[in-house]
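Undergrad: Provided below are the primary sequence and the corresponding predicted coordinates.
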Amino acid sequence: MAAKRSGVQSKRSQRTSASQSAHEPRSEPPLSLERIVTTAVELLDAQGVDGLKMRRLADRLGSGAMSLYWHVDNKEEVFDLALDSVLEYREPPQIAESRDWRGEVVHMLEDWRASMLRHPWSASLLPRRALGPNILSRLELLSKTLSRAGVADADMNAAIWSLWNYVMGATITRASFDLSDEDMAAAQQRLTRLSEHYPTIERSRLLLDNDWDGAFRKGLDFLLDGLAPGQ
């Protein structure tokens with residue numbers, strides 16, 4: 001995706017100035033790729049994946065729909081750019097190289113999950129979109145950290161996909177679990193009545209446990225214990 005964009009960048013830059021004066025209202029800031037991506041994220045946050053239409057995006061930008069195509073090739077590229085923009089990872093400042101590999105991994109994955117929860121549409125797009133520079137940088141940093149922790153190259157892909165699947169699953173479950181406290185209490189009461197059939201999950205009060213952050217962190221600890229048990 002990045003190589004493709006760089007290959008057409010000069011073409012776009014040559015025609016951008018002419019298109020702005022010809023197609024954009026003077027009351028609006030100049031149309032740019034950055035504005036398009038920012039506005040696309042706002043539209044996706046408000047209306048979800050199905051709400052992103054090029055005509056609707058152009059209306060929000062105060063431009064003609066055709067003006068967008070001086071900056072992006074199609075709606076699919078808008079999806080790619082919007083997704084990658086919300087997955088940018090800003091590492092915490094560090095005075096010296098940390099020896100706490102687990103802390104680094106936990107921070108990376110908690111930040112990844114938090115980013116997707118702020119933009120719930122991203123979790124549904126990520127498995128089927130081109131991988132942009134931000135998500136690739138996350139995966140590269142994660143791989144380097146796991147390698148430093150002692151994960152062998154032969155096991156690296158399995159480790160990365162295990163953590164990927166864990167973050168994706170936890171995020172999608174949290175974003176889609178939309179029960180009120182009353183609904184959860186009613187479900188637990190029903191489970192109590194059926195405790196003869198489901199004694200273990202009834203005893204753990206599974207349906208009342210809404211400590212999503214705590215469950216995510218504890219489950220992540222289980223995974224990391226398995227990835228580098230000697231650390």
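TA: Now that the structure is in, tell me what you want to look at.

Undergrad: what about the helices in the chain?
TA: 2-23, 33-47, 54-61, 65-68, 75-86, 101-118, 121-125, 133-149, 153-176, 181-193, 199-203, 212-227 (DSSP state H).

Undergrad: Out of those, flag the one nearest P92.
TA: P92 lies closest to helix 101-118 among the helices of the chain, at 6.5 Å (Cβ to Cβ). For every residue, glycine as well, the C-beta is placed using N, CA and C.

Undergrad: which parts of the closest one are buried?
TA: Across helix 101-118, burial judged by 16 or more other Cβ atoms under 10 Å covers 101-102, 104-109, 111-113, 115-116.

Undergrad: With stretch 199-210 instead?
TA: Neighbour-count burial for stretch 199-210 flags E202, L207 (criterion: 16+ other Cβ under 10 Å).

Undergrad: burial of R138, as a residue count?
TA: Counted with other Cβ atoms under 10 Å, the neighbours of R138 add up to 20.

Undergrad: Spatially, which residue comes closest to A149, not counting chain neighbours?
TA: W101 (4.1 Å; Cβ to Cβ, 6 or more residues apart in numbering).

Undergrad: Now do that neighbour against D221, distance only.
TA: Distance, W101 to D221, using Cβ to Cβ, to the nearest Å: 13 Å.

Undergrad: Return the residues in contact with the residue of the chain most remote from its centre.
TA: In the chain, the residue that sits farthest from the middle, by Cα atoms, centre = their mean, is E196; the gap is 40.5 Å. Contact analysis of E196 by Cβ atoms under 8 Å, 6 or more residues apart in numbering lists nothing.
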